[in-house]
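Give me a model of this one.
(one chain, ligands or ions: 2)
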Amino acid sequence: MRVKTTFYCQECGQRSTRWLGRCPGCGAWNSLVEEKENRPQKGPEPRERGNFPCPVTEVPGDDLVRVSTGTGEMDRTLGGGVVPGSLVLVGGDPGIGKSTLLLQVAHHISRQLKVLYVSGEESDRQIRLRAERLGAFSPDLLLLTETDVDAVEQSLKDLLPPVVVIDSIQTMYKGDVGSAPGSVGQVRECSAQLMRLAKSTGISIFLVGHVTKEGMIAGPRVLEHMVDVVLYLEGDRHQSYRILRCVKNRFGSTNEIGIFDMQGKGLAEVANPSGMFLLNQAHRDVPGSAVVASLEGTRPLLVEIQALVSPCGYGMPRRMTAGVDHNRVSLIVAVLEKRVGLHLGGNDIYVNAVGGVKLMEPAVDLGIALALASSFRDIPVDPYLAAAGEIGLTGELRSVSGAEKRAREASLLGFQRFLLPGPVTSDAPEGIAVIYAGTLSEAIEAALPV
Ligand code: TYD
Ligand code: MG
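Ligands and ions are numbered 1, 2, ... in the order given. The predicted structure follows:
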């Protein structure tokens, strides 16, 4: 058998026949690692009997009976629960709470269905301790500590549990793949094997995947295309809340997020989170703070954006952002300079979304711009005003989706005025005074009382 060596990028799975300093796929440096491929070269497998083209209307339909995970937040993120036979990847930084979340989910599902929790990271005793702590201590939850994927497959075939958790995919290995556990080759082969198993038996499998920046173990990105659902658990390790974000879903919408609070007894769901990212209204009467009504999936979230614009002492001005897109901030600074006439150029600029949330939606632009203008002019933004709007390069404001939903949430949280891109649309929000602005200059005029 010919042994072929191939280089794989440990970040994105790009393959190359020779070593390269920089991955042509994702641009990561020094991420290509040599892996041996000693599988015999063979053509596509002969189709199984019965695998022939047939009209889509004649494919047997099974009414997808989704299984609830026990937390409304996770169910919504998944699009209504776990679909039988699906492969769900739960990614996140080490220590963020993936094992905790999945142990809780496994415990809940085990009340109605058999669940197997396979761990390659912790010992039985450790998991027992954790389960006791989480109140997930019940005889219905089956544990298996195993890292050999063939042994896992055998257990699954013997037990046929409807739901399985594999924690983590990077600890699994397959004997005949000639590279170390956690490498792209292993992660891909093990996942492919589990996927075939899920599809052929109807078992739903949760895969835990660690995200790494160092590239020593393969990141979950190499799996994203393979699995049915990709969820990322994110959050600031120094803060207690966690956000479960859906980035791919073959059975539902991808914009959903679930919000949890990490407590002493595991992750508790936060049913009404939009007030979490706001500081006390009384403290907001300082320059450099603005509240934006962002829409994460179907849920409005009011978040305070803080900005600090201060004269640069020497050298290059610094631009630092946390929770908002760095490039977006640069763009907004340029628009403020050129279209509004605020000369921010020679200043250090810091922008932060309170509480460490990540806001990726363009509608947060207006909040960033107001916070910057407020800090620069040293005038506080009206503390009872919330805003949402996308900023265009000519300084115009572009309308946002779900204006009514955002305004309703702002009104519930005690805001009295809501700044939106104009002109007035048909679905004008009610219950709150809506101020329409066509351009960024108009918006700043309206929000910064002189
Ligand atoms: P864990 O689920 O082990 O993270 P991951 O599997 O993503 O690596 O979470 C570990 C962290 O969670 C750890 O720092 C302690 C914290 N934690 C709590 O705060 N409360 C709890 O009830 C548990 C089980 C963990
Ligand atoms: Mg873990």
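
Can you pull the domain assignment for the chain?
Listed by automatic domain parsing, the domain ranges of the chain are 1-39, 66-271, 276-447.

Return the set of buried residues in the shortest one.
This means domain 1-39. Neighbour counts using 16 or more other C-beta atoms under 10 Å place 6-14, 23, 28, 31-33, 35, 37 of domain 1-39 among the buried residues. The C-beta positions use only the backbone N, C-alpha and C, and glycine is treated the same way.

The residue of the stretch 251-400 of the chain found nearest ligand 1 pairs with what?
Going by C-beta to the nearest ligand atom, ligand 1 is nearest to residue 266 of the stretch 251-400 of the chain, at 4.2 Å. Residue 266 has these beta-bridge partners by DSSP bridges: residue 263.

Could you verify my assumption that it touches residue 105?
No: Residue 266 is not in contact with residue 105 according to C-beta atoms under 8 Å; the separation is 10.5 Å.

ok, the two, which is more surrounded?
Higher neighbour count among residue 266 and residue 105: residue 105, with 26 against 20, using other C-beta atoms under 10 Å.

Sort the buried residues of domain 1-39 by pLDDT and name the bottom one.
Of all these, residue 37 has the smallest pLDDT value, namely 64.

where along the stretch 1-150 of the chain do the helices fall?
Remark: helices of the stretch 1-150 of the chain, listed N- to C-terminal, are 72-78, 98-110, 124-134, 149-159; assignment by DSSP state H, counting those that start in this stretch.

now the stretch 151-300 of the chain
184-201.

before we move on, back to that, now, the buried residues of domain 1-39 that are in strands?
Judged by DSSP state E, these include 6, 7, 8, 9, 32, 33, 35, 37 as members of strands.

near ligand 1, which residues of the stretch 201-350 of the chain show up?
Residues of the stretch 201-350 of the chain lying near ligand 1 by C-beta under 6 Å from any ligand atom: 262, 264, 265, 266.

so how far is the lowest-mean-pLDDT helix or strand in the chain from its chain's centroid?
When the helices and strands of the chain are compared on mean pLDDT, DSSP states H and E, strand 32-37 comes out lowest with a mean of 77. Strand 32-37 sits 29 Å away from the centroid of its parent chain (C-alpha atoms, centre = their mean, to the nearest Å).

That strand versus helix 184-201: what angle between them?
Here strand 32-37 runs at an angle of 60 degrees relative to helix 184-201 (axes from the mean of the first three to the mean of the last three C-alpha atoms, to 10 degrees).

partners of strand 32-37, with directions?
According to DSSP bridges, strand 32-37 forms sheet pairs with strand 4-9 (antiparallel).

Only alpha carbons, please: show the strand it pairs with as PDB.
Backbone C-alpha positions of strand 4-9 (Å, rounded to 0.1, in the frame of the first residue of the first chain) are rendered in PDB as follows:
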ATOM      1  CA  LYS A   4       0.900   9.300   0.800                       C
ATOM      2  CA  THR A   5       1.600  12.300   2.900                       C
ATOM      3  CA  THR A   6      -0.500  15.400   2.600                       C
ATOM      4  CA  PHE A   7      -0.400  18.700   4.500                       C
ATOM      5  CA  TYR A   8      -3.600  19.900   6.100                       C
ATOM      6  CA  CYS A   9      -4.300  23.300   7.500                       C
END
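
how far out from the middle of the chain is that strand?
Relative to the mean C-alpha coordinate of its chain, strand 4-9 is positioned 30 Å out (C-alpha atoms, centre = their mean).

With stretch 11-29 instead?
Centre-to-centre, stretch 11-29 and its host chain are 24 Å apart (C-alpha atoms, centre = their mean).

Pull the contacting residues for residue 288.
306, 307, 308, 309, 371, 374, 375 (C-beta atoms under 8 Å, 6 or more residues apart in numbering).

tell me the contacts of the spatially closest residue to residue 202 that is not a sequence neighbour?
Counting by C-beta to C-beta, 6 or more residues apart in numbering, residue 202 lies nearest to residue 85, which is 4.3 Å off, once chain neighbours are set aside. Applying C-beta under 8 Å, 6+ apart, we find residue 85 in contact with 198, 199, 201, 202, 203, 204.
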